Every structure is written in structure tokens, then in C-alpha cells.
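Colleague: got a predicted structure here, sequence first:
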Amino acid sequence: MSRKTGWRWSRRVRRRRWRSRAGRGRSAAGRRPRCRYSLQSPSFTEPGSGPASVEEMAKDYLAEIRRVRPHGPYRLLGWSYGGAVAHTMAAQLQAAGEQVSLLAVLDGYPPVAGRARQWDPEDGETLAALLDTLGYDLPGHQAGPTTPAQYRAAAGAADGPLAGLDPELLAALPRVFAANLNLLAGFEPGRFDGDLLFFRATRGRTADTPAPQAWLPHLGGRLDLHEIDCAHAAMTRPEPLARIARVLGAALNPTPHP
């Protein structure tokens, strides 16, 4: 998620240079930095432009990606809700005859039958779920729905992930969050004929938290499970992300067999 001082929100595809730290003790000198592209919903800056389904969202994102890179192999990663989108993108790419060399998901799960509900962007439960997803710890999460005032106060905290966000984008976030979750109500994942590199957050799990094995009916390959000692919302913080990066680096740069 871009902030005011970062990349422009009007751009759907953002490009960064990235070099894996994994394997630097090995022959890393000859490796060139990889370009990393990230995607964001156009609904932040184009209200009413949101997709009608997860499949349509994946198709739109692939159109953006393929303007930059028309052909594979592709490497895809999705966190949380983005896991279902990345999996759908991988299935669509395969259906188009393209190669997906890596599909990775950070603690994201397919929807559970019978648990779908409608989310209202102005409802306190939606605001509470949004803040919880981002790792905010407010009394309102335990005592009941979060009020708009609590949401704005949390977002204004200097050490929070929403710090520095433009007011109009901050106001749009619950709308985009609710719209994305509502797409899951009628969503049934397709099938990706490959492996899934899955990172599971081990803290804060409840009896209702899905298991990574929920992806197995939607995979033609194996489920490669890695447990990360953190909460779901903390997966992109420096320490968990460093552990995730080591695994990703090894997957992207496998050690040659003698």
C-alpha cells in the first residue's frame, strides 16, 4: 500500500528493484537484480471502477502485468485476500498457455462455504475487521464495532501502517476493503496445475481460521508449507518478512545439484 510520500496511487502497476539476500554466501555475484511489480486496486482513485468478481479482478491485473511483461515465466505472490487473487491469476495464465514458475501465498485462504456475508463500508464491524487486518490493537476490537472516530484516530497514529495516508485515500479504504470481501461471496477458486509455496502465520489463530490444506482441491501440485512465527497482520513487518524472503530467495535461486 503506497503512502503519500511513496508511489503515486494512480498507478496500478509499480516497479521496484529487488535482490534476494538468500544465497549471498553462495555464488550470488553473477545474479542480476530482479524487477518486482506490485498491484493495487484502481478503486482507490477511480470510484465505481471496481471489478464484479475475483476472476475479473485477476483478469484486469493480468492485463496490466502483460503490458509490462507479455510472456512468462511469471512469479506471483499474494498476501491475505491477495492470495486468492494470485491463485486465480496463475490459473488464468496457465489457461492462456503461459508458464507460472512460482505461486506464493502469505496466509491467504480460499473462501469457506457457508461463511460468506455482506460487508458495509460504513459499518463498525467492517472498520474493526479492517484495522485488525492491518495489525491495529484497539479496545473496540474486543468490546464491539469500531466507530469512525476510532478508525480515524488509529489511522493517524505515527507508527501505524496508515500513517501519512492522504485523507481521501483513508476514506476510500473501507469502501475498497468491503467491496473486495463481498466478491468472495460467490467465488469458487479454479485449479492451478502447479505447486503452492504457502506461508502460514502461527499466532492469533482461532478455531475458525482455515487450514492451508484448503488449497489442495485447487492445486495440481504440492503444498509447500512454511510456518512464520507472527500474527497475520505482521507478516510484512521486517522480521517475518526477512524469514519469508529467505525462503523465496531459495525458491527463486535453487542450488544446482552436483
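Modeller: The structure has been received and is ready for your questions.
Colleague: quick one: low-confidence parts of the stretch 151-258 of the chain?
Modeller: Residues of the stretch 151-258 of the chain meeting the criterion pLDDT under 70: 158, 256-258.
Colleague: let me see the ranges of the strands in it.
Modeller: Secondary structure of the stretch 151-258 of the chain (DSSP state E, counting those that start in this stretch): strands located at 196-203, 223-231.
Colleague: list the buried residues in the longest helix seen in the chain.
Modeller: Taking DSSP state H as the criterion, the chain has its longest helix at helix 167-183. Neighbour-count burial for helix 167-183, with 16 or more other C-beta atoms under 10 Å as criterion, is recorded at L169, A172, L173, P174, R175, V176, F177, A178, N180, L181, N182, L183. Bear in mind the C-beta positions are built from the backbone N, C-alpha and C, glycine included.
Colleague: ranges for the helices of the protein?
Modeller: Here the chain has its helices, by DSSP H, at 54-68, 81-95, 124-133, 139-143, 148-155, 167-183, 238-252.
Colleague: what's the distance between the residue nearest to W79 when sequence neighbours are not counted and L241?
Modeller: Beyond its immediate neighbours in the sequence, the residue positioned closest to W79 (C-beta to C-beta, 6 or more residues apart in numbering) is L106, lying 3.9 Å away. Distance, L106 to L241, using C-beta to C-beta, to the nearest Å: 9 Å.
Colleague: which of those two has more neighbours?
Modeller: When L106 and L241 are compared for neighbours, L106 comes out ahead with 23 against 16, by other C-beta atoms under 10 Å.
Colleague: surely that one touches L197?
Modeller: No - with contact defined as C-beta atoms under 8 Å, L106 does not reach L197; the gap is 9.7 Å.
Colleague: any idea how far the most centrally placed residue in the chain is from V85?
Modeller: The geometric centre of the chain, computed from its C-alpha atoms, lies nearest to W79 (C-alpha atoms, centre = their mean), at 2.5 Å. When C-beta to C-beta is applied, the distance between W79 and V85 equals 10 Å.
Colleague: next, count neighbours for A250.
Modeller: Other residues within reach of A250, judged by other C-beta under 10 Å, total 13.
Colleague: what about it, distance to L102?
Modeller: In this structure, A250 and L102 are 11 Å apart, going by C-beta to C-beta.
Colleague: state the pLDDT value of E46.
Modeller: In this model, E46 is scored at 70, pLDDT.
Colleague: next, count neighbours for it.
Modeller: Using other C-beta under 10 Å: E46 sits among 11 other residues.
Colleague: list the contacts for it?
Modeller: By C-beta atoms under 8 Å, 6 or more residues apart in numbering, E46 lies in contact with nothing.
Colleague: how about R191, nearest residue that isn't a chain neighbour?
Modeller: Excluding the flanking residues, the one nearest R191 by C-beta to C-beta, 6+ apart is H218, at 5.5 Å.
Colleague: so the one you found touches D193, yeah?
Modeller: No - using C-beta under 8 Å, H218 and D193 do not qualify as a contacting pair, with a distance of 10.2 Å.
Colleague: the two - which one has more neighbours?
Modeller: Of the pair H218 and D193, H218 is the one with more neighbours under other C-beta under 10 Å, namely 17 against 12.
Colleague: contacting residues for the more buried one?
Modeller: The neighbours of H218, taking C-beta under 8 Å, 6+ apart as the test, are H87, P110, P189, G190, R191, F192.
Colleague: what's the spacing between the first one and L219?
Modeller: H87 sits 9 Å away from L219, taking C-beta to C-beta as the criterion.
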